[in-house]
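J.: need a structure here:
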Amino acid sequence: MTAQPDNNKVTIVALVENEPGVLNRIASLFRRRAFNIDSLTVGRTHKPHISRMTIRVDAGQEYAKRIATNLQKLVNVIDVRVLDNEPHVERDLALIKVRNDDANSRNTITEICDRYPARIVDIGPKVAIIEMVGTEAIVEQFIEEVRPTGIVEMIRTGMVSMGRGTRIHDTDFTRHDLAQAIAQARAGGNGHKI
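T.: Alright, predicted model coming up:
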C-alpha cells in the first residue's frame, strides 16, 4: 500500500555513519529549529558501517527541502531524501497489551484482529499482547478499535519507509572515504597540516 502524506507530517530518510553521537547531532538540529519529531527510527542497513534513519516530523511540505539540506550538512550524514514526493511503502509496528479477562473481551479482540493485519502474540488469563503492523493511519485506526476493551500498555516502533520499485537509497561510502575526507580537512585550504 502506498502511503499518502499526512497534513503536516513529512517523512525524511537519511543514510548516516553507524557511529556514536550521530543521533544526538540530528536531534539537536531539529531542536534548534523547533520542529517536533513525531517518529524517529534508526537501524543498521545491509552494510554494517551505515545506518538508516527514518524521521517523521511535523513540519509541512514547505520546510521539507530545507530540513533535508540542513541534515546533509551535518558530519556523519551521507545522504538525505524526502520520501513524500515519491512512491514509497511505510510501516509502523505496535505492540499493544489489552485487557483479556473475560470471554467477551477475548472474542472482541479476536474479531478485531481478524479485520486487520494484526495477530495475538501472547495471551494470558488477564491480558493479551497484540502485534499490529501497517501504515500509520491503519495502526491508529486499529488502536481506536481496541481501546474500548482496555489498553493496559502500548509501544510503537515508529515509521520506517522505503521507495518503491527501483528507487534505491544506498551508498558506496566506506570508512576509507571518511579517513580521506578527514585528512583533506586537516590539510586545510593552504596545503599546511593543521
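J.: Can you classify Val98 by secondary structure?
T.: strand (DSSP: H, G, I helix; E, B strand; the rest coil).
J.: Next, count neighbours for it.
T.: Neighbourhood size, Val98 [other C-beta atoms under 10 Å]: 23. To be clear about C-beta, it is placed using only N, CA and C from the backbone, and glycine gets the same treatment.
J.: same thing with the one 4 residues further on?
T.: Summarising burial for Asp102: neighbours were counted as other C-beta under 10 Å, giving 11.
J.: And stretch 118-133, what's buried?
T.: 118, 127-130, 132-133 (16 or more other C-beta atoms under 10 Å).
J.: Of those residues, which belong to strands?
T.: Using DSSP state E, the members of those that fall in strands are 118, 127-130, 132-133.
J.: Put together TSV for the buried residues of stretch 118-133, with distance to Ser105 and pLDDT on each row.
T.: Shown next, in TSV, are the buried residues of stretch 118-133 (distance: C-beta to C-beta, whole Å; pLDDT from 0 to 100):
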residue	distance to Ser105	pLDDT
Ala118	15	96
Val127	10	96
Ala128	9	96
Ile129	14	97
Ile130	12	97
Met132	17	97
Val133	22	96
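J.: Please identify which of the ones in strands among the buried residues of stretch 118-133 is nearest to Arg52.
T.: For those, the closest approach to Arg52 (C-beta to C-beta) belongs to Val133, at 18.1 Å.
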